[in-house]
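>>> build me a model from this:
(one chain, ligands or ions: 1)
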Amino acid sequence: MRILVTGGAGFIGSHACKALAEAGHEPVVLDNLRTGHRWAVRFGPFVHGDILETERVASALREHRIEAVMHFAALAYVGESIARPDLYYRTNVAGSLSLLEAMRLADVSRFVFSSTCATFGNIDHPIAESDGQSPINPYGASKLMVERLLQDYAAAFGIASVALRYFNAAGADPEGELGEVHEPETHLLPIALQVAAGLRPQLDVMGTDYATADGTCVRDYIHVSDLADAHVAALRVLEPGRFQAFNLGNGNGFSVRQVVDRVAAVTGREVAWQAAPRRAGDPPSLVADASAARDRLGWLPCYPALDDMIAHAWSFMNSRA
Ligand code: UDP
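All right, here's what the predicted structure looks like:
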């Protein structure tokens, strides 16, 4: 299939393009390069544009005879979303609406959406699709609004959609072609690796008084290449007029302290850290129950071990140094 990948120059989008190309699909990247990287577009044509430019997106859909859209282009920082909800609702909600309108103009009716576990809020057990969604930050709220849009567009216009709710994307392409490069970097794993590499003096552990085993937040880390594979699988279950959603994680929770310890062990370097205040909008624990993705998508992560995610990200970081 010919697939428009919005945000295909970004971390998860670029890995999805690689997985699509390997599965025999043809990815066409649409990216405004505000946070994405031109070097990461290597598996098909590139269109420099913004999802808010409805007409331009519709032309790209027609010109490349696109059959399905994978929508990664978004803002994705919890903390920033609290300070600047305007940006998040504009890019994530208005941007997705514009993209869906472009699809209607160009008669494209298959859609795979990058959603997030942040749509759930505070839930203290492994989170299944049947759990209630009650986001505690504008980022999660913006993604949940798009899920609602997709339900309504499925019912009214027959658009087939799948929302994939990622837990914490981590790692890098095992072959070393792609990886995570954010400026500024705010994610735990790459920051811990930068400390290990001597590029930062220390890591701030944001919150040490949560009601978790060691007082730090617990997250479910999932390899970016496994997320990419889930997108290829999602194409096979799209059904006209139907919205579906799947949670994607490994079902294992690691605390911030445990992540820091594993980074030190895998890299063989010291990772200095200090206790810091909580970051607004962070739920104490987010762990997936991904059994529906296993059953319905036939999705089985290839790299479930946190140490592999760390090793792949470390080797990508060193290859760029
Ligand atoms: N975190 C931290 N120090 C950092 C960056 C992140 O303690 O420098 C914590 C953050 O508070 C959260 C967890 O690490 O509990 C994962 O954060 P990240 O930003 O990587 O992903 P998120 O869960 O926000 O998507």
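>>> residues from the stretch 1-150 of the chain in reach of the ligand?
V78 (C-beta under 6 Å from any ligand atom). C-beta: built from backbone N, CA, C; applies to glycine.
>>> now the helices for the stretch 1-150 of the chain?
Remark: helices assigned in the stretch 1-150 of the chain by DSSP state H, counting those that start in this stretch are 11-22, 54-63, 78-83, 85-88, 95-106, 138-157.
>>> dump those to CSV, plus distance to A311 and mean neighbour count.
Shown next, in CSV, are these (distance: least, C-beta to C-beta, whole Å; neighbours: other C-beta atoms under 10 Å):
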stretch, distance to A311, mean neighbour count
helix 11-22, 16, 24
helix 54-63, 37, 18
helix 78-83, 26, 18
helix 85-88, 33, 16
helix 95-106, 35, 21
helix 138-157, 29, 20
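>>> give me the neighbour count for the closest residue to S134 other than its chain neighbours.
Setting aside the residues directly before and after it, S134 is nearest to G121 in space (C-beta to C-beta, 6 or more residues apart in numbering), at 4.1 Å. G121: 19 surrounding residues under other C-beta atoms under 10 Å.
>>> correct me, but G121 touches Y139?
No - G121 lies out of contact with Y139 (C-beta atoms under 8 Å); the separation is 11.6 Å.
>>> per-residue pLDDT, the residue of the stretch 101-250 of the chain found nearest the ligand?
The ligand sits closest to C217 of the stretch 101-250 of the chain, with a gap of 3.0 Å, by C-beta to the nearest ligand atom. As predicted, C217 sits at a pLDDT of 98.
>>> oh, and call the first residue 781 from now on, that's how I've got it
Renumbered: residue one is now 781, and that last one reads C997.
>>> run through the residues that contact it.
986-987, 990, 1035-1036, 1062-1065 (C-beta atoms under 8 Å, 6 or more residues apart in numbering).
>>> gap between it and E833?
37 Å (C-beta to C-beta, to the nearest Å).
>>> for the residue nearest to S914, give me phi and psi.
Backbone torsions of G901, given as degrees, to the nearest 10, read phi 90, psi -140.
>>> for the helices of the stretch 781-930 of the chain, could you give me a markdown table that also reports distance to P981 and mean pLDDT?
Listed next are these as a markdown table, based on distance: least, C-beta to C-beta, whole Å; pLDDT from 0 to 100:
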| stretch | distance to P981 | mean pLDDT |
| --- | --- | --- |
| helix 791-802 | 25 | 98 |
| helix 834-843 | 43 | 98 |
| helix 858-863 | 21 | 95 |
| helix 865-868 | 30 | 98 |
| helix 875-886 | 37 | 98 |
| helix 918-937 | 28 | 98 |
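>>> got JSON lines for these, with distance to F1096 too?
Below are those laid out as JSON lines (distance: least, C-beta to C-beta, whole Å):
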{"stretch": "helix 791-802", "distance to F1096": "11"}
{"stretch": "helix 834-843", "distance to F1096": "30"}
{"stretch": "helix 858-863", "distance to F1096": "24"}
{"stretch": "helix 865-868", "distance to F1096": "28"}
{"stretch": "helix 875-886", "distance to F1096": "28"}
{"stretch": "helix 918-937", "distance to F1096": "25"}
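>>> of these, which is nearest A950?
Closest of those to A950 is helix 791-802, at 9.9 Å (criterion: C-beta to C-beta).
>>> got a list of contacts for that closest one?
For helix 791-802, contacts defined as C-beta under 8 Å, 6+ apart pick out 783, 785-788, 806-807, 809, 811, 816-817, 820-824, 850, 852-853, 894, 946, 949, 953, 957-962, 1004-1005, 1007-1009, 1011-1012.
>>> just the buried residues of these.
For the contacts of helix 791-802, a burial check counting by 16 or more other C-beta atoms under 10 Å picks out 783, 785-788, 806-807, 809, 811, 816, 820-824, 850, 852-853, 894, 946, 949, 953, 957-961, 1004-1005, 1007-1009, 1011-1012.
>>> out of these, list just those in strands.
783, 785-786, 806-807, 809, 811, 850, 894, 946, 949 (DSSP state E).
>>> of all the helices of the stretch 781-930 of the chain, which one is nearest L968?
Among these, the nearest to L968 by C-beta to C-beta is helix 858-863 (11.8 Å).
>>> what's the closest one packed up against?
helix 865-868, helix 918-937 (3 or more C-beta pairs under 8 Å, 6 or more residues apart in numbering; DSSP states H and E).
>>> no further questions, thank you.
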